[in-house]
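S.K.: What would the 3D arrangement of this be:
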Amino acid sequence: MHVTRRHLPQGKQIRLSRIFGSPSRRALVVPLDHSVTIGPLGAAGHADQTAAILHRAGADAVIVHKGRARTIAPTRFGSMGLIVHLSAGTNLAVDQTRKVLVGSVEECLALGADAVSVHVNVGAPTEAEQLVDLGVVAAECDRLGVPLLAMMYARGGVADAGNTSVATLGHLGAIATDLGADIVKLDYAGSSDRMDEVVDSCPLPILVAGGPTTTSDDAAITFGLQVAESRVAGLSFGRLIFGADDPQRVATALADGLHSEPTSNRPLAATLELA
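M.R.: Sure thing, here's the model as predicted:
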């Protein structure tokens, strides 16, 4: 399959290589940004403790908000990327689909970030504002050479119908591409064949979201390895890992599953075909 090569600035290429640095050019990214939305994920030091577990397990990056990043020992990021999340909203709000920007790309660089992320709920009452925010952050990322991960979801209104269909996921990938993202996070399409259809429609590397906690650690591992059978660029599993009975076991199994396949068997978008 022919993939159009995207010419990225050197700064973005270097930072992306820290996240997708394994020979497979695939990544296990673990979001720990949920505490703004739902409250504490554990004791005061949970982010540092979880980052230590993920570092040992072979995870490729974690996603946290700017203040939480300051609670994690810098040594955790010797071989693990830092992605700082710029969007926020809480489950205490009247409109739980609304996301607002709560930081800048320059702030994230000061923290040592390898990339930043923005959350967009397409179909939400505030969709227009969230799309504007994505475009603004994309322009700043281009200026500063910072990769942008767009977390794209169909949420609210008509978007809730068929929100994991190939057509809807392809549309979300197109929005992320057109507005300047470098990586896109999407829900799973339900099968590896259907997910490959989404991959074929999108020039960006795709990370698949994990969703709510499963019934068991084994179920989380089985799901992640099923997703990895498709040609996606990796997994972005949060609650399936930090909510597991044995987070290190789940993270290790998923990282091993992603990293065991050579690049030739799991082609990525040309974005990550590093010189």
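
S.K.: how about low-confidence regions in the stretch 151-275 of the chain?
M.R.: For the stretch 151-275 of the chain, the stretches with pLDDT under 70 are 157-162, 261-275.

S.K.: where do the strands sit along it?
M.R.: Assigned by DSSP state E, counting those that start in this stretch, the stretch 151-275 of the chain shows strands spanning 183-186, 206-209, 234-236.

S.K.: which stretch among these comes nearest M151?
M.R.: Nearest of the strands of the stretch 151-275 of the chain to M151, taken as C-beta to C-beta: strand 183-186 at 4.3 Å. All C-beta spots, glycine's among them, are computed from the backbone N, C-alpha and C.

S.K.: From the contact counts, what lies against that closest one?
M.R.: The contact analysis (3 or more C-beta pairs under 8 Å, 6 or more residues apart in numbering; DSSP states H and E) places strand 183-186 against strand 148-154, helix 166-178, strand 206-209.

S.K.: and those, which is most packed in?
M.R.: Most buried of the helices and strands packed on strand 183-186 by mean neighbour count (mean count of other C-beta atoms under 10 Å) is strand 148-154; its value is a mean of 26.

S.K.: and K99, how far is that from D133?
M.R.: Going from K99 to D133 by C-beta to C-beta, to the nearest Å gives 8 Å.

S.K.: Could you name every residue contacting both of those two?
M.R.: Each of 87, 118, 120 lies in contact with both K99 and D133 under the rule C-beta atoms under 8 Å, 6 or more residues apart in numbering.

S.K.: Secondary structure, pLDDT and distance to G145 for those - can I get that in CSV?
M.R.: Formatted as CSV, the shared contacts of K99 and D133 follow (DSSP: H, G, I helix; E, B strand; the rest coil; pLDDT from 0 to 100; distance: C-beta to C-beta, whole Å):
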residue, secondary structure, pLDDT, distance to G145
S87, strand, 97, 21
V118, strand, 98, 17
V120, strand, 97, 22
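
S.K.: Name the nearest of the residues you listed relative to T71.
M.R.: Within the shared contacts of K99 and D133, proximity to T71 (C-beta to C-beta) peaks at S87, which comes in at 19.4 Å.

S.K.: can you pull the contacts of that closest one?
M.R.: 99-102, 117-120, 130, 133, 151.

S.K.: Only C-alpha atoms, please: export stretch 50-70 in CSV.
M.R.: Taking Å, rounded to 0.1, in the frame of the first residue of the first chain, the C-alpha atoms of stretch 50-70 are listed here in CSV:
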residue,chain,number,x,y,z
THR,A,50,2.9,4.2,38.3
ALA,A,51,5.5,5.8,36.1
ALA,A,52,8.1,3.6,37.8
ILE,A,53,6.1,0.5,37.1
LEU,A,54,5.5,1.5,33.4
HIS,A,55,9.2,2.2,33.0
ARG,A,56,10.1,-1.3,34.1
ALA,A,57,7.3,-2.8,32.0
GLY,A,58,8.7,-1.2,28.8
ALA,A,59,6.0,1.4,28.1
ASP,A,60,7.0,4.0,25.6
ALA,A,61,5.3,7.1,27.0
VAL,A,62,2.9,8.4,29.6
ILE,A,63,0.4,11.2,29.4
VAL,A,64,-0.1,13.6,32.3
HIS,A,65,-1.2,17.1,33.0
LYS,A,66,1.5,19.7,33.6
GLY,A,67,1.2,19.9,37.4
ARG,A,68,1.1,16.1,37.7
ALA,A,69,4.3,15.9,35.6
ARG,A,70,6.1,17.8,38.4
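
S.K.: May I see the buried residues of that stretch?
M.R.: Counting neighbours by 16 or more other C-beta atoms under 10 Å, one finds that the buried residues in stretch 50-70 are 50-55, 57-66, 68-69.

S.K.: Show me how to select, in PyMOL, the buried members of the contacts of S87.
M.R.: Applying 16+ other C-beta under 10 Å to the contacts of S87 leaves a buried subset, and the PyMOL line that selects it is:
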select buried, resi 99+101+117+118+119+120+130+133+151
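
S.K.: Can I get the contacts of S87 in CSV including secondary structure?
M.R.: Listed next are those as CSV, based on DSSP: H, G, I helix; E, B strand; the rest coil:
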residue, secondary structure
K99, coil
V100, strand
L101, strand
V102, coil
S117, strand
V118, strand
H119, strand
V120, strand
Q130, helix
D133, helix
M151, strand
